[in-house]
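Asker: The following block contains a protein sequence and its predicted model.
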Amino acid sequence: MRILGIVALGVALAGCAIQRAQIAQDARAQMVGMSKEQVLTCMGAPASKATEGQTEVWAYNSGDGTVLASGSVSGGSFSGVSSSRFCKINLVFSGGGVSAVNYQGPTGGLIAAGEQCAYAVDACVKQR
């Protein structure tokens with residue numbers, strides 16, 4: 001019975017991650033054309049800004065602080081590795097609005113790539 005509960009919890013968590021990945025994917029299309037004012041309203045102030053000619057890039061950090069850990073025991077000694085998932089979002093502005101939404105970092109798992117990006121862009125995306 002306990003194993004069934006663990007499996008059900010794992011499936012539910014995977015479903016949430018996949019939904020967040022879809023939100024991040026939708027943002028790549030839906031945010032193109034948004035004005036700076038619209039972005040400020042749904043995402044707030046960026047962590048940093050950079051300008052090159054007529055192009056401006058706003059950077060945002062996103063994620064829930066997920067840390068993945070794995071380890072092994074061999075011959076009485078333990079070795080372990082941990083990594084964290086996060087997303088750095090770069091919004092490229094040119095011609096008066098967002099022209100590209102780019103994601104960087106270890107943004108999610110194999111079937112949920114980009115899921116860490118959804119935390120910052122969620123308020124900008126129209127839900128299906």
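Answerer: Received the coordinates, thanks. Numbers count the residues shown, from 1 in each chain.
Asker: all contacts plus neighbour counts: C-alpha atoms, from now on.
Answerer: Will do.
Asker: Low-confidence regions, this structure specifically.
Answerer: In the predicted model of the chain, residues 1-15, 65-83, 109-111, 127-128 satisfy pLDDT under 70.
Asker: so what's the nearest residue to R85 once chain neighbours are set aside up against?
Answerer: Computed as CA to CA, 6 or more residues apart in numbering, the closest residue to R85 that is not its neighbour in sequence is P106, at 5.1 Å. Taking CA atoms under 8 Å, 6 or more residues apart in numbering, we find P106 in contact with 84-87.
Asker: Run a quick neighbour tally on V101.
Answerer: 20 (other CA atoms under 10 Å).
Asker: quick one, helices of this structure?
Answerer: Listed in chain order, the helices of the chain (DSSP state H) span 2-30, 36-43, 118-121.
Asker: quick revisit: what's the separation between the residue nearest to R85 and I18?
Answerer: 15 Å (CA to CA, to the nearest Å).
Asker: Same check on N61?
Answerer: Relative to I18, N61 is positioned 20 Å away (CA to CA).
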